[in-house]
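Peer 1: let me see the structure of the following:
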Amino acid sequence: MLLNGRGHGSWRRGRAAWRRWRKGRPFWGGLAAVVAGAEICAIPLAPLKVMLQQGIAGIPSVLMGLVMILMGLSAWFAPHYRGLAGILTVLVATAALVMSNLGGFLFGTIVGILGGGMIFAWQPRPLPEPEPDRRPGAGPGADPIADPGADPAQGPSDSTPPSPPRTQPQN
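Peer 2: The predicted model follows:
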């Protein structure tokens, strides 16, 4: 299908849709949080040759890893919660340094702090301003359908007075 040239447009449409989805949320911060959470969560589940004595210390490690994975996923699928997700990711990654084998041998803590910071700092792009209509006769009052009170014989109406200039308040 891709070798004969057919289906090339669908590949581009899919890639463009992926880029739009990825740019509309804190993708890289969420990915870092998911990777750090998986790493912190996986170390206590490693064989005993890697971890000599586990004990009760494995439970907080798994829970902190799951919370970090959940915060990374919430950054992807609910980007309006990015402030909460970013702060909780940084706090859990910092707590994992003490409670979970040096935070996944420092890798999980460092990547989690960086990911939480990226999640917290991400801002959505503002929507582009619509360009004004530059056709002659276009504008407010030019179309009697858009402005039912306007008389088409009079032309555009200037019924609203101009607003006064904005100034700084005097102290």
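Peer 1: low-confidence ranges in the chain?
Peer 2: For the chain, residues meeting the criterion pLDDT under 70 lie at 1-8, 47-57, 127, 133-171.
Peer 1: can you rerun that using 80?
Peer 2: For the chain, the stretches with pLDDT under 80 are 1-9, 43-58, 101-104, 126-171.
Peer 1: what segments of it are helices?
Peer 2: All helices of the chain, identified by DSSP state H, fall at 8-23, 27-42, 58-77, 82-99, 101-105, 107-121.
Peer 1: and of these, who's closest to Pro128?
Peer 2: helix 8-23 (13.8 Å; C-beta to C-beta). For every residue, glycine as well, the C-beta is placed using N, CA and C.
Peer 1: how about that closest one: buried residues?
Peer 2: Within helix 8-23, no residue counts as buried by 16 or more other C-beta atoms under 10 Å.
Peer 1: shouldn't Arg125 be in contact with Lys23?
Peer 2: Yes. At 7.2 Å, Arg125 and Lys23 qualify as touching, with contact defined as C-beta atoms under 8 Å.
Peer 1: ok so, going back, got the helices of the chain as a markdown table, with distance to Glu129 columns?
Peer 2: Output for these, formatted as a markdown table (distance: least, C-beta to C-beta, whole Å):
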| stretch | distance to Glu129 |
| --- | --- |
| helix 8-23 | 19 |
| helix 27-42 | 25 |
| helix 58-77 | 28 |
| helix 82-99 | 24 |
| helix 101-105 | 45 |
| helix 107-121 | 25 |
